[in-house]
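[1] How does the following fold in three dimensions:
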Amino acid sequence: MDLRERFSAAAICPYALPKPAAKPFQNALIFIAFPLVGVSASLDALIDISSGRINIHVLMALAAFASIFMGNSLEGGLLLAMFNLAHIAEEYFTSRSMVDVKELKENHPDFSLVLDITGDKLPNTFDLAYKRVPVHDVEVGSYILVGAGESVPVDCEVFQGSATITIGHLTGEVKPLEANVGDRIPGGARNLDGRIIVKVTNTWKESTLNKIVQLTEEAHLNKPKLQRWLDEFGDQYSKVVVVLSVAIAVIGPLMFKWPLLSTSVCRGSIYRALGLMVAASPCALAVAPLAYATAISSCARKGILLKGGHVLDALASCHTIAFDKTGTLTTGGLMFKAIEPIYGHQVKRNKSSFSSCCLPNCEKEALAVAAAMEKGTTHPIGRAVVDHSEGKDLPSVSVESFEYFPGRGLVATLNSIESGTGGVKLLTASLGSVDFITSFCTSEDVSKKIKEAVNASSFGSEFVHAALSINEKVTLIHLEDRPRPGISNVILELRDQAKLRLMMLTGDHESSAWRVANAVGINEVYCSLKPEDKLSHVKGVSRDTGGGLIMVGEGINDAPALAAATVGIVLAQRGSATAIAVADVLLLRDNISGVPFCISKSRQTTSLVKQNVALALSSIFLASLPSVLGFLPLWLTVLLHEGGTLLVCLNSIRALNEPTWSWKQDFWHLLNRVNSRLLLLRTHNKGSGTIPAAHL
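    Numbers count the residues shown, from 1 in each chain. Prediction:
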């Protein structure tokens with residue numbers, strides 16, 4: 001039996017075609033269904049055709065109206081009704097998968113109560129005068145009154161009062177937080193109780209909530225490569241389906257002896273062509289990338305912002321992860337420990353045999369100079385120095401000129417007012433790493449002596465230190481840095497579950513770097529790196545291993561490495577503007593616990609997208625072949641086609657679930673969930689059975 005005979009045999013359907021229903025019932029159905037769904041389908045199809053597009057709306061409208069034209073009016077009405085119902089269900093699942101940006105936007109009021117003040121002094125609490133100002137017009141430095149139940153409109157800090165706030169919609173942190181005087185609050189935070197006066201630190205345009213809204217909207221627009229390909233493929237594919245359907249309608253009667261129109265024993269070639277047109281439409285393929293949008297939403301609800309779905313593909317392809325140390329693996333909140341003169345000071349001995357500085361106020365001068373150079377900085381070392389200097393009786397120092405060398409240090413010319421005489425002394429200072437300080441030495445011998453003095457420091461190498469040179473007098477500033485709480489568990493998960501190669505890239509000296517690395521569980525450390533050195537390591541590792549690299553950091557020094565990495569992840573609360581601009585992932589929580597979630601979510605998402613494509617192609621094949629062979633009526637073809645599309649949507653919604661590292665974990669989680677449900681059901685039934693007995 002040749003191919004023509006097989007198709008001819010298949011054409012004889014074992015089931016007679018459905019008998020036409022009673023005419024009054026058909027007419028009534030058409031009269032009701034056509035205005036409800038027919039007009040809408042017609043308009044959609046006309047709009048798409050006028051735009052030069054042939055898509056699922058056009059294919060479905062053609063199939064439905066052709067079916068009605070051939071006398072199958074009941075079937076045509078069912079096609080339109082089922083198609084619209086299926087798309088209503090698809091829109092529901094799609095909306096569940098997306099971050100509700102509208103809800104985020106509604107988390108800030110349209111107006112703020114800006115206090116009227118004279119000078120810098122607030123009026124009496126019982127006599128507050130304020131005016132309603134649109135949120136977009138609130139200026140930095142304004143004072144805003146926020147009552148219980150209200151949302152903080154923009155980023156600010158508490159100036160007066162205290163309150164309990166929640167920022168769950170921003171970071172996923174559901175635990176209420178206490179906000180006291182001096183604490184910073186992101187825009188969109190909700191005041192649960194209390195009444196506070198806050199000082200605006202960022203305009204609406206620069207506020208956290210607005211950035212979240214913008215990044216979320218941009219993330220959904222930045223489509224991954226597969227989604228862009230499917231969008232381009234869909235239009236061409238639809239045209240191919242139309243051509244194949246026309247070919248089936250024309251060639252069927254010639255090659256396989258099918259009737260052109262349906263008879264009582266055989267479906268006609270036009271009917272089969274309409275079935276192919278419906279079954280092979282790319283609706284399921286079009287929604288296959290829905291898992292990307294779902295995953296972006298899932299991450300956003302955890303306080304993790306992705307700059308597009310393509311980041312998920314990139315994360316899933318990475319085999320190495322590199323961490324900056326200070327502020328990333330450690331708290332970044334360095335504590336000032338000591339200041340130690342080591343070179344160029346006139347040392348004298350006292351009874352204790354400990355060296356002391358040449359002048360009683362020399363160490364104070366060093367602290368004053370360092371604080372003046374670091375004033376306004378965001379670097380952890382600079383912040384620690386400035387914080388330690390506050391409230392101390394230090395010499396008056398002002399900066400005359402200033403130059404910054406990223407990742408290395410600072411050079412400045414300063415004026416110091418001498419106590420007693422009131423004279424002004426000119427100081428030339430440099431602050432940074434030991435190598436940076438010694439690079440300004442006039443001879444190799446001086447450089448060697450300074451390094452020897454650093455190695456012989458009485459504080460050893462346990463602490464983080466920075467070197468300060470003032471008119472060739474060198475002083476060491478010792479600071480203490482601690483690993484973040486719970487960081488060891490994050491590193492363990494990334495190594496044992498994610499199977500990633502772990503490394504630390506830091507500008508700190510070797511002893512400090514290894515102290516932290518040993519504490520957190522990282523065995524590969526590269527220390528004393530300048531920004532360009534970090535960049536070289538990132539490029540080198542990516543080139544040598546042949547896989548992607550994730551860089552996690554937060555400072556301006558990390559920006560080149562973050563930009564060069566396959567994926568750059570930044571702690572947004574600490575990150576510099578440059579680091580945030582070049583990063584692919586922003587962690588709104590001030591810790592890196594979101595990193596394992598990101599990576600596992602990316603692997604889950606890429607797996608779901610592959611499953612979706614397989615499901616879509618399977619549904620198209622399973623619906624198309626029987627339709628062409630004449631085994632399926634049009635309404636059942638639509639049901640199979642839309643069922644496949646809904647199945648893809650349901651599979652995409654799984655990206656909202658907590659990700660796991662393997663299918664075994666998925667299985668055990670599912671088993672535990674079923675057991676807990678059964679246990680709950682048994683407890684409920686047992687409780688229901690004992691209630692009546694208590695009343696006997």
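
[2] what's the burial count for I165?
    Each residue near I165 was counted by other Cβ atoms under 10 Å, and the total is 23. From N, CA and C alone the C-beta is placed, and that goes for glycine too.

[3] SS state for it?
    Counting by DSSP: H, G, I helix; E, B strand; the rest coil, the backbone at I165 sits in strand.

[4] what about it, distance to E206?
    20 Å (Cβ to Cβ, to the nearest Å).

[5] do the same with V241
    49 Å.

[6] Of the two, give the one with the bigger neighbour count.
    Neighbour tally, V241 and E206, criterion other Cβ under 10 Å: the higher count belongs to V241, 22 against 14.

[7] Which stretches in the stretch 451-600 of the chain count as helices?
    Using DSSP state H, counting those that start in this stretch, the helices of the stretch 451-600 of the chain run over residues 487-496, 510-520, 531-545, 559-564, 577-582, 594-629.

[8] Averaging pLDDT over each of the ones you listed, report the lowest-scoring one.
    With a mean of 77, helix 577-582 has the lowest mean pLDDT of the helices of the stretch 451-600 of the chain.

[9] got the contact list for S298?
    For S298, the contacting residues are 601, 655-656, by Cβ atoms under 8 Å, 6 or more residues apart in numbering.

[10] unless I'm mixing things up, L145 is touching G194, no?
    No - between L145 and G194 there is no contact under Cβ atoms under 8 Å: 11.8 Å.

[11] Show me the one of the helices of the stretch 451-600 of the chain that comes nearest S281.
    helix 594-629 (8.1 Å; Cβ to Cβ).

[12] Could you figure out how far the closest one is turned away from helix 487-496?
    Between helix 594-629 and helix 487-496, the angle comes out at 40 degrees (axes from the mean of the first three to the mean of the last three Cα atoms, to 10 degrees).

[13] buried residues in helix 594-629?
    594-609, 611-613, 615-616, 619-620, 622-624, 626-629 (16 or more other Cβ atoms under 10 Å).

[14] for stretch 552-568, same thing?
    552-568.

[15] From the chain's centroid, how far away is it?
    Stretch 552-568 has its C-alpha centroid displaced from the chain centroid by 16 Å (Cα atoms, centre = their mean, to the nearest Å).

[16] again with stretch 260-279
    49 Å.

[17] If you count neighbours, what's buried in it?
    Applying 16+ other Cβ under 10 Å to stretch 260-279 flags 262, 266-279 as buried.

[18] pLDDT of that stretch, averaged?
    Mean predicted confidence for stretch 260-279 is 78.

[19] C-alpha coordinates for that stretch, PDB please?
    Extracted C-alpha coordinates of stretch 260-279, given in PDB (Å, rounded to 0.1, in the frame of the first residue of the first chain):
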ATOM      1  CA  LEU A 260     -13.400  18.900  -1.400                       C
ATOM      2  CA  LEU A 261     -16.300  19.400   1.000                       C
ATOM      3  CA  SER A 262     -17.300  17.000   3.800                       C
ATOM      4  CA  THR A 263     -19.700  14.200   3.200                       C
ATOM      5  CA  SER A 264     -21.500  11.900   5.500                       C
ATOM      6  CA  VAL A 265     -18.600   9.400   5.500                       C
ATOM      7  CA  CYS A 266     -15.500  11.400   4.900                       C
ATOM      8  CA  ARG A 267     -14.200  14.800   6.000                       C
ATOM      9  CA  GLY A 268     -13.400  17.100   3.100                       C
ATOM     10  CA  SER A 269     -10.000  18.500   2.200                       C
ATOM     11  CA  ILE A 270     -11.000  22.000   3.100                       C
ATOM     12  CA  TYR A 271     -12.200  20.800   6.500                       C
ATOM     13  CA  ARG A 272      -8.900  19.000   7.100                       C
ATOM     14  CA  ALA A 273      -7.000  22.100   6.000                       C
ATOM     15  CA  LEU A 274      -8.900  24.100   8.500                       C
ATOM     16  CA  GLY A 275      -8.000  21.600  11.200                       C
ATOM     17  CA  LEU A 276      -4.300  21.900  10.300                       C
ATOM     18  CA  MET A 277      -4.600  25.700  10.300                       C
ATOM     19  CA  VAL A 278      -5.900  25.600  13.900                       C
ATOM     20  CA  ALA A 279      -3.700  22.700  15.200                       C
END
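
[20] Next secondary structure element downstream of the helix or strand where L285 lies?
    Using DSSP states H and E, L285 sits within helix 283-286. For helix 283-286, the following helix or strand on the C-terminal side (DSSP H and E) is helix 290-300.

[21] how big is the angle separating that following helix from helix 594-629?
    160 degrees.

[22] strand partners of whichever helix or strand comes after helix 290-300, parallel vs antiparallel please.
    Using DSSP H and E, the helix or strand that follows helix 290-300 towards the C-terminus is strand 304-306. Next to strand 304-306 in the sheet, as set by DSSP bridges, lie strand 585-587 (antiparallel).

[23] which other residues reach the strand it pairs with?
    215, 303-307, 311, 315, 567-572, 575, 580, 594-595, 598.

[24] Now it: average pLDDT?
    Here the average pLDDT along strand 585-587 is 89.

[25] Model confidence score at P406, please.
    74.

[26] Go ahead and confirm it touches D558.
    No - P406 is not in contact with D558 according to Cβ under 8 Å; the separation is 10.4 Å.

[27] Touching both of those two, which residues are there?
    P531.

[28] excluding its backbone neighbours, what's nearest the most centrally placed residue in the chain?
    The centroid of the chain falls nearest to L305 when counting by Cα atoms, centre = their mean (2.2 Å). Nearest residue to L305 in three dimensions, chain neighbours excluded: L586, at 4.3 Å (Cβ to Cβ, 6 or more residues apart in numbering).

[29] burial measure for that neighbour, as a count.
    With other Cβ under 10 Å as criterion, L586 counts 23.

[30] Bridged to it, which residues?
    In beta-bridge terms (that is, DSSP bridges), L586 pairs with L305, V570.

[31] And it, how close does it get to M504?
    21 Å.

[32] Check V516 too.
    8 Å.

[33] what's the overlap in contacts for those two?
    Counting by Cβ under 8 Å, 6+ apart, the residues touching both V516 and M504 are 325, 329.

[34] Could you double-check that E642 sits in contact with V287?
    No - the pair E642 / V287 is not scored as a contact, 11.0 Å apart, by Cβ under 8 Å.
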